[in-house]
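Student: when you get a sec, could you give me coordinates for this:
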Amino acid sequence: MKTHDILKSIRMIGIKKECLFKDFPTAIPDAKSKLYAAIPSNANDIELISYKMTEEEIHPDRAEIFYFGIMVGDSSVSHDELELIIIENQSFVITTHKGVISDIWKSYNEINEYMKENSLEEDKTSFVVELYDSRFNPGSDESEMEIYIPVKNKFRMER
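Tutor: Have a look, this model is predicted:
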């Protein structure tokens, strides 16, 4: 895993869901089935999970609001249940998680270490994004997915 910071824009259409942190593993498949009931599935879809950052520590009963969706190139939303999320020119710290999904916490820890080492501060006004594409296979040691943590926009300040 190579962790670094980038400036990136992300556009997605998705289903908004609310659940407790402990219910996240069952809420994701439910959101996925609702998304693909609303729009046709494509094998090349890049799936995204995005959620707002919170000040509250992680615990089983923490309320979560997230979006499950797919990356889009334009801003067309074609269904009443879908919402458009646009993240423009956001600074992120990114890493590629490699391995089984149950070990994803290790990649989040790596991002946190990188942020400390580089004096970067989370941007709590933006979204955390997890990207799942053709490299993702949840039970495989070779599985890969990307994690984007928003940080205060250092790229804008440097210009």
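Student: in the sheet, who's paired with the residue nearest to residue 123 when sequence neighbours are not counted?
Tutor: Excluding the flanking residues, the one nearest residue 123 by C-beta to C-beta, 6 or more residues apart in numbering is residue 150, at 4.1 Å. All C-beta atoms are positioned from the backbone trio N, CA, C, and that covers glycine. Note on residue 150: beta-bridge partners by DSSP bridges are residue 92.
Student: gap between residue 150 and residue 51?
Tutor: Remark: distance between residue 150 and residue 51 (C-beta to C-beta, to the nearest Å) = 11 Å.
Student: now the residue nearest the centre of the chain: which helix or strand?
Tutor: With distances taken as C-alpha atoms, centre = their mean, residue 129 lies nearest the centre of the chain, 1.8 Å away. When elements are assigned from DSSP states H and E, residue 129 belongs to strand 127-132.
Student: buried residues, stretch 97-115. List them.
Tutor: 97, 98, 99, 101, 107, 110, 111, 114, 115 (16 or more other C-beta atoms under 10 Å).
Student: quick check, nearest of those residues to residue 41?
Tutor: Distance to residue 41, by C-beta to C-beta, is smallest for residue 101 among these, at 20.3 Å.
Student: hmm, back to that, any common contacting residues for residue 150 and residue 51?
Tutor: 127, 128 (C-beta atoms under 8 Å, 6 or more residues apart in numbering).
Student: I figured the residue nearest to residue 123 hits residue 91, correct?
Tutor: Yes - Residue 150 lies in contact with residue 91 (C-beta atoms under 8 Å); the separation is 6.9 Å.
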